[in-house]
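Participant: sequence-free structure coming up:
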């Protein structure tokens, strides 16, 4: 028997798009597979719609939205308790190639040092334009960057290779690695939680891998929004948490330098569009992250929901 996989889809008020995502996931040519929906405090009838359309999907209802990590950890703990060999962590605004999971598992099964694997990801609306061919970590105005973003796919990333991090829109994780590293850190509400988990995983001695043979299309920020105040605040806050946890003195200097350049530029840019509040909110988020009391990442030995 191939290793068993739990595909965990996190959704918040995305009823229509999650139905499309589940329809795509049911077409994957892999077994044994359990599809799990984590409804992260939705108020739009997501759970009821999924029950009606996909009665075979396991549904986990979270009463209140405390962020991406808090929500996905419900699915992680469920999959671990059920004994699945792999966990496929997914956003709700995606479409997958039928062979995607099979290709991801093949890479993970080939090397015990693999801690997670991610696919070649395209923009949903531009089918041949790359959004991510594996992630890069950097200490600038943001700490994550998607390799190949915006490029037309001409095969320039057609190789299996190690990358800095795997984006959380689609990440396959072996059970034994998740058990050792622990669940995602709810200190992050949205943004950078995937990069934080990858850093913890790499420090435990594992590697982040990318494979061009696994294909996915992503709507990109469909659920959490674009450059608006509620999101930019959390982006700034999460970025500082990551920098405080992992940056060297030189990386701190680099980060502060780029923030000093990026924030005024963003303010001027958004003033033109009547969206200056989003730039101000990011500055407030950076300040909130600096003042936050830091806690250690969760482990499976702790009691209660991480």
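Facilitator: Looks like it came in fine. Note that this is a predicted model, so its numbers are computed, not measured.

Participant: so where does residue 39 fall, helix or strand?
Facilitator: Residue 39 belongs to strand 33-40 when assigned by DSSP states H and E.

Participant: elements contacting the helix or strand following that strand?
Facilitator: Past strand 33-40, further along toward the C-terminus, the next helix or strand under DSSP H and E is helix 46-53. Under the contact definition 3 or more Cβ pairs under 8 Å, 6 or more residues apart in numbering; DSSP states H and E, helix 46-53 sits against helix 15-25, strand 33-40, strand 58-62. C-beta here means a position set from N, CA and C on the backbone, and glycine is covered the same way.

Participant: Tell me which helix or strand comes right after the shortest one.
Facilitator: Using DSSP H and E, the helix or strand that follows strand 58-62 in sequence is helix 68-81.

Participant: By neighbour count, which bits of that next one are buried? Give me those.
Facilitator: Going by neighbour count (16 or more other Cβ atoms under 10 Å), the buried part of helix 68-81 is 68-80.

Participant: ok, so of these, who is nearest residue 42?
Facilitator: residue 71 (10.2 Å; Cβ to Cβ).

Participant: The closest one and residue 54, how far apart?
Facilitator: Counting by Cβ to Cβ, to the nearest Å, the gap from residue 71 to residue 54 is 19 Å.

Participant: what about the longest helix in this protein?
Facilitator: With secondary structure taken from DSSP state H, the chain has its longest helix at helix 249-272.

Participant: What is whichever helix or strand comes after that helix packed up against?
Facilitator: Next in sequence after helix 249-272, counting helices and strands by DSSP H and E, comes helix 276-291. In this structure, helix 276-291 makes packing contacts with helix 229-246, helix 249-272, judged by 3+ Cβ pairs under 8 Å, 6+ apart.

Participant: Please tabulate those helices in CSV, including the columns mean neighbour count.
Facilitator: Below are the helices and strands packed on helix 276-291 laid out as CSV (neighbours: other Cβ atoms under 10 Å):
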stretch, mean neighbour count
helix 229-246, 22
helix 249-272, 14
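
Participant: could those go into a markdown table alongside mean pLDDT and distance to residue 24?
Facilitator: Listed next are these as a markdown table, based on pLDDT from 0 to 100; distance: least, Cβ to Cβ, whole Å:
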| stretch | mean pLDDT | distance to residue 24 |
| --- | --- | --- |
| helix 229-246 | 93 | 25 |
| helix 249-272 | 91 | 35 |
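
Participant: can you list those in TSV and add distance to residue 100?
Facilitator: What follows is the helices and strands packed on helix 276-291, written out as TSV (distance: least, Cβ to Cβ, whole Å):
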stretch	distance to residue 100
helix 229-246	27
helix 249-272	34
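
Participant: Out of these, which gets nearest to residue 295?
Facilitator: Among the helices and strands packed on helix 276-291, helix 229-246 sits nearest to residue 295 (Cβ to Cβ), with 10.1 Å.

Participant: Give me the helices and strands touching that closest one, please.
Facilitator: helix 193-203, helix 249-272, helix 276-291.

Participant: will you turn those helices into CSV that also has distance to residue 171?
Facilitator: Formatted as CSV, those follow (distance: least, Cβ to Cβ, whole Å):
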stretch, distance to residue 171
helix 193-203, 7
helix 249-272, 24
helix 276-291, 24
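
Participant: Out of those helices, the one nearest residue 298 is which?
Facilitator: helix 193-203 (10.3 Å).

Participant: which neighbours does the helix or strand following that closest one have in its sheet, and in what orientation?
Facilitator: On the C-terminal side of helix 193-203, the nearest following helix or strand under DSSP H and E is strand 207-218. Counting by DSSP bridges, the strands paired with strand 207-218 are strand 94-96 (antiparallel), strand 114-123 (parallel), strand 161-163 (antiparallel).
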